[in-house]
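In: model this:
(chains A and B)
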Protein chains: 2
Amino acid sequence: MNGAVSLLTTMEHNDVTTCFMNPGTSEMHFVAALDDVPGVRGVLCLFEGVASGAADGFARVTGRPAATLLHLGPGLGNAFANLHNARRAHSPVLNIVGDHATYHSRYDAPLTTDIASIARGLEGWYRRSARADDVAQDAADAISAACGPPGRIATLVLPADASWSEAPAFTIAHDAVRARAGLVAHESVEEAASLLRSKRSALLLGGPALRRDGLAAAAAIAEATGCKVLSETFPAVVDRGAGIHAAERLNYIAEFAMAQLEGFEVLVLVGAPEPVSFFAYPDLASRIVPAGCIVIDLAPLHLDVVRGLVSLREAVGASDASPAPMDASRPARPSGALTAASLAAAVGSVLPEGCIVVDEANTSGVGLPVATQGAPPHEWLTLCGGSIGFGLPAAVGAAIGGGGRRILSIEADGSAAYTPQALWTMAREALDVTVLCCSNDSYAILNYELSRVGATAHGERSKAMLDLTGPTLDLAATARSFGVPAETVTTADELVVALDKSLATPGPTVIDAKVPSIIR
Amino acid sequence: MNGAVSLLTTMEHNDVTTCFMNPGTSEMHFVAALDDVPGVRGVLCLFEGVASGAADGFARVTGRPAATLLHLGPGLGNAFANLHNARRAHSPVLNIVGDHATYHSRYDAPLTTDIASIARGLEGWYRRSARADDVAQDAADAISAACGPPGRIATLVLPADASWSEAPAFTIAHDAVRARAGLVAHESVEEAASLLRSKRSALLLGGPALRRDGLAAAAAIAEATGCKVLSETFPAVVDRGAGIHAAERLNYIAEFAMAQLEGFEVLVLVGAPEPVSFFAYPDLASRIVPAGCIVIDLAPLHLDVVRGLVSLREAVGASDASPAPMDASRPARPSGALTAASLAAAVGSVLPEGCIVVDEANTSGVGLPVATQGAPPHEWLTLCGGSIGFGLPAAVGAAIGGGGRRILSIEADGSAAYTPQALWTMAREALDVTVLCCSNDSYAILNYELSRVGATAHGERSKAMLDLTGPTLDLAATARSFGVPAETVTTADELVVALDKSLATPGPTVIDAKVPSIIR
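Out: Numbers count the residues shown, from 1 in each chain, chains lettered A, B, ... in the order given. Coordinates of the predicted model:
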C-alpha cells in the first residue's frame, strides 16, 4: 500500500471515518485511496472553510474527530477561521494538509508555503510526515493528540511523495492512544464543597459539564448549597429542554455578565475558563468577576469534568437531591409581525425532540434561549471562537455526524454570507437541515459595538461599512443557486408554516426571515 | 487625533487611498475614522478573502498598494489565500489587522489569536503597533515595506487601544520611504549580451519586463541575437495585443514547458525566477531547464528590471532594431457549439481596447492566449499563487483601481464558487465588470492531474471528489442573489451577443457559459 492508503487505513481503524475535503493536485493519491478504504467517507466542500466548520460540527455532536483534507498553506488558510472556532470549542479535528513532495519544496514553486507557521496559529499539534513509512504512526499520533482531552486541532502535513510512495514497513494500522482524563483531586473537591456551603457561590459550567449528566449534578449541588448554576457564554454543545436541568448562560455583553456575577464571593469553574469581556472597551475592565471573589478552577478540561462534578455533589451531601428539571412548555405559535421575539417564539413552538440547533443568529437570536428552554430535549451549539461563518458549515458536519437527527441552523445574514458554499454540500449529501436565516440587512452587532467602544459613526462613509443593503442580500436565491429549496418569509405566521413544512421534509431547506434589527 | 485617524491620515498622505474591508468590534475606530479622512475610501467586502484579492487586483493595475482591514487572526486567516496569491504576484498590499487592546490579550478572550504566526506565512513585513503614538510611523514603515521593490505584503497589527487612544506626538503624517530599485550591474549585462550573441538563448521575462516597454526591448534583443522571448507562466500583469510585442508564455504543464525550453544553451532571467514544475510528479524532475543550460539571473525583482533590459538591448547592439509588434487581428465571431475554442474566439472577437482581463479560466481558457493576441491593446492578469478564488475579488480591485476601464473576469465554476461574495461588492460599487464564467461542472484540472501523478480513481467514491454535479452550480442565479444581473448561455452565438451587451452596459454582469470540459 502507498502512504495515502496507509493513512486512510489508520484513520478507519481509529474511527476517523469522515473527511471533509477540497483536494488539489498534491492530494490526488489521498482521493484515489478513498476507493481502497471504504470505511472513510469523503465529503466534498466547495471551500475549505466549509470543510473545517463541518469537522467542528461533526466533532461536537459525535465526540469523535472528523478529518479535513486541505491543499497546502492556502487551503489551511481558508480553513483557519473555522479551525479557530473549533479550537475554542475544544473539538477534536484531524487536518491533513497536502504539500509538495519533500524534494520539491526547495524550488519554491508557486504554492510553496510555510504551513507550519499558519498551523502554529491553531495552538494544537503539528507534524510533517517525512516518508510513507512514517505516515501510519504519524496519523495515529495525530488522532491521539486531536482526541485530547481536551480535544484539539491536530495538523498532519502529508507531502505528495509520502502519499504516493510505497509504505512497506507499516501495513497494519496503528492504534491511536486515547488518553483517559485525569481525576479532580479529592482536596480540590473538598475545598470547593466547603466554600459552596459557606459563601455566596456560583458554579460556572463549560465543556462536558453542560451535557445532561453534568447539568443534573450541578442542579443537585445548587439545591443542597443554594449556589447558582451558570453556563459559559458560548458552549460547544449544551443539552437543553424539558426534563433537563438548566444553567443560566453568562451574557455576551460584559456589563450584563457582570450583573449576573454581582455579589458572588466564590466562583467555581467546572470545565470553563474564568469569564472575561469578549472585547476590551475603553472604560471597562477585562475581568468581569467581582473584585474579591474567589475563583476556583475545580475541573479544567484535561480532567474528567463530569466526574469531578459528581464528586462535588457527593461532597456537599447532595447525592439524594433530586431537583426538578425544566418543565415542558412551548410558546404559542406566534402571529403578526416578524420580530426577534416572534421569531424566537416560532422556533420554540416547533422545535422537534432530538433536534441539533446550530446557533449563529447573533443579535436576532436574543429571544431564543427563553423561548426554547421548555421545548423537547435538544442540543444547542454556539459560535465558540467569535469568527462568523461557522453556522452553515457546522450544520453540515452536525447533520453527517448526527445520525439522522434534524439540524436547525439559525443564521444571520452577514454570517451566512461568509460561507454560503456550505449549502451546496447540504444539497449534495441530502442533509436534513433547516436553515433559518435572520436577515436584517446589516452587521447589526457592529452598530451596537460602535458606540460601546466609544466610536461615533457620524457620517455616511462609516455607516456604510456596517450596512448590508444596496444591494440587499437574497439568501433564498443564493440557496436555490446552490441546489437548496428556499423561501422568504416576512411575517411570523409565514415563518411557522415554513418551519413546520421544512421540519417535515427530508433534505435541506432555507427559510430567509426578514426580521428587523433589534439595534436602533 | 486618535491612533485610527493618525493611521488613515498617514495612508492618505502616502497615496494608500483605498481600503477593502470587513471590520469587527476591534476595528470600529478605524471605521469611524473614515468620516474624518475623506481621502481614504472604504470598500465593504462580505468576506476577507474578497478584500485581500481585491487589494491584489488594485495593486496590479495601479502599481500602488491598497489596504485591507481585517479582524484579528481569523480575519487574516480568511484573507490568507489571496494574500498568498498577491505575494506571488509581488503586489504591494498593506494589511491592517485589528486586535484586542494590548492589555486585553493576556485574558485569552475567544478571538485572541497568534496573528504573528499566521502573518509569518506571508513572508513579508510584520509589526504590531504598541501605542497610538507609534501608529503613524509604523504605518509609514509598513507602506515603505509594501512598496518594495519588489512589492510585498506588509501586515500592521493595530490593537484596539492603539486605535482609540489619542496620538499627540505625531499629528503630521509621515512620508513612507519609496525605495528606488537598484541597477543591474554593467558586468552582468555584458556577460548576458556575450552569451546571447554566441549561444542558443532565450530570455524569460517576468514582473515589469512584461509591460509594454520591457516587451519592446526584449523583441529588439531577439531581432539582434536570434534569441527567443518567453514569459513566465503566471504573470501578475502582461501588456498584450495589437501594437505590442509578444512573449510566448511557458506552459503550466511541465512537459510542455520543457519542450519549449529544449535546446537552449542559455536562459536569461529578467524579472522572473528560474522556472520549475508547478507540482512534483513521480517520474518528472522538479527543474525543467535543460541539463547543462546556463541560467543567468540578470535582473531579479529588487532591481530595475526594465532598465536592465534596455541596457541589454544596447549591449547587444539592438538600439536601432525595430521589430514589428503584434498585428491587429481578431477571430471571426464564432457560431455553433460552445467549446473552449469557440469561447476563446468569442472573447477575442469582442475584447475592447484598454480592457483589463482577470484570467482564472483554468482548463477552459486554453484557447484564450492565441485568440486574443491580436486584439486591441489590453492587460492580462493571471493567478500567480495557484490558490483558486482569486479572480472575482481581483476583478473588484482592478475595477476600482482601473480608472473606468472595463474588466473582463474570466472564471471557472470551481474557482468562482470559492469567493462568490465578490459579486456583491461589484453590485454595490457599480463596477464595470463583465464576468464570463466557464462552467464545466467539474474540477477539470484535477481529472487531468490525477493521472499525471500516477493515481487512479477507479471508483465512484474518488471520482465524486472532482465532480461538481449533483447539484450543478447555477452561478447566474448566485450572481443575481448578490445583486448582479446574469444570464446563462449554451451556444457560441449566445455568448457573443451576451458579451457585446455586457461590455456596452455600465455595471457588472455575469455570463455563465456552459462549456464542456476539455478533459476527457
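
In: and chain A, what are its domains?
Out: A:3-164, A:186-315, A:340-514 (automatic domain parsing).

In: can you put those domains in JSON lines and add distance to chain B?
Out: Backbone N, C-alpha and C define where each C-beta goes, glycine included. Formatted as JSON lines, the domains of chain A follow (distance: least, CB to the nearest CB, whole Å):
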{"stretch": "domain A:3-164", "distance to chain B": "3"}
{"stretch": "domain A:186-315", "distance to chain B": "4"}
{"stretch": "domain A:340-514", "distance to chain B": "3"}
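
In: which element is the closest residue to residue A:36 other than its chain neighbours on?
Out: Using CB to CB, 6 or more residues apart in numbering or on different chains and skipping the chain neighbours, the partner closest in space to residue A:36 is residue A:5 (5.1 Å). Using DSSP states H and E, residue A:5 sits within helix A:3-13.

In: before we move on, the earlier item: highest mean neighbour count out of the domains of chain A?
Out: Mean neighbour count (mean count of other CB atoms under 10 Å in any protein chain shown) peaks for domain A:3-164 among the domains of chain A, with a mean of 25.

In: residue A:230 and residue A:224, how far apart?
Out: Using CB to CB, to the nearest Å, residue A:230 is found at 17 Å from residue A:224.

In: kindly report the same for residue A:50.
Out: To residue A:224, residue A:50 is 46 Å away according to CB to CB.

In: same check, this time on residue A:429
Out: 47 Å.

In: what's downstream of the helix holding residue A:5, the next helix or strand?
Out: Toward the C-terminal end, the helix or strand that comes next after helix A:3-13 (DSSP H and E) is strand A:18-21.

In: remind me what the helix or strand that that next one is followed by packs against, helices and strands.
Out: Later in the chain than strand A:18-21, the nearest helix or strand by DSSP H and E is helix A:28-33. Here helix A:28-33 touches helix A:3-13, helix A:160-164, helix B:444-452, helix B:460-463, going by 3 or more CB pairs under 8 Å, 6 or more residues apart in numbering or on different chains; DSSP states H and E.

In: those helices: which one's closest to residue A:341?
Out: Ranking the helices and strands packed on helix A:28-33 by proximity to residue A:341 (CB to CB) places helix A:3-13 first, at 46.1 Å.

In: quick one, what contacts residue A:405?
Out: A:354, A:355, A:356, A:432 (CB atoms under 8 Å, 6 or more residues apart in numbering or on different chains).

In: please apply the same query to residue A:65.
Out: Contacts of residue A:65 (CB under 8 Å, 6+ apart): A:16, A:55, A:59, A:91, A:92, A:93, A:94, A:143, A:146, A:147, A:151, A:154.

In: let's go with 6 Å and repeat that
Out: Applying CB atoms under 6 Å, 6 or more residues apart in numbering or on different chains, we find residue A:65 in contact with A:16, A:59, A:92, A:93, A:94, A:146.

In: take the residues you listed and keep only those in strands.
Out: Of the positions in these, A:93, A:94 sit in strands, assigned by DSSP state E.

In: could the contacts of residue A:65 go into CSV alongside pLDDT?
Out: Below are the contacts of residue A:65 laid out as CSV (pLDDT from 0 to 100):
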residue, pLDDT
A:16, 98
A:59, 98
A:92, 98
A:93, 98
A:94, 98
A:146, 98
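
In: can you add distance to residue A:295 and give the contacts of residue A:65 back as a markdown table?
Out: Below are the contacts of residue A:65 laid out as a markdown table (distance: CB to CB, whole Å):
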| residue | distance to residue A:295 |
| --- | --- |
| A:16 | 37 |
| A:59 | 29 |
| A:92 | 28 |
| A:93 | 30 |
| A:94 | 34 |
| A:146 | 29 |
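
In: can you list the helices and strands packed on helix A:28-33 in TSV and add mean pLDDT and distance to residue B:247?
Out: Converted to TSV, the helices and strands packed on helix A:28-33 look like this (pLDDT from 0 to 100; distance: least, CB to CB, whole Å):
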stretch	mean pLDDT	distance to residue B:247
helix A:3-13	96	39
helix A:160-164	97	31
helix B:444-452	86	24
helix B:460-463	91	38
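
In: for the ones you listed, which one sits closest to residue A:280?
Out: Closest among those, using CB to CB: helix A:3-13, at 41.4 Å.

In: centre of the chain to that closest one, how far?
Out: 27 Å (CA atoms, centre = their mean, to the nearest Å).

In: equivalent analysis for stretch A:183-200, please.
Out: How far stretch A:183-200 lies from its chain's middle: 30 Å, per CA atoms, centre = their mean.

In: sorry, back to before: which of the contacts of residue A:405 fall in strands?
Out: Per DSSP E, the contacts of residue A:405 map to strands at residue A:356.

In: name the element residue A:202 belongs to?
Out: Going by DSSP H and E, residue A:202 is in strand A:201-205.
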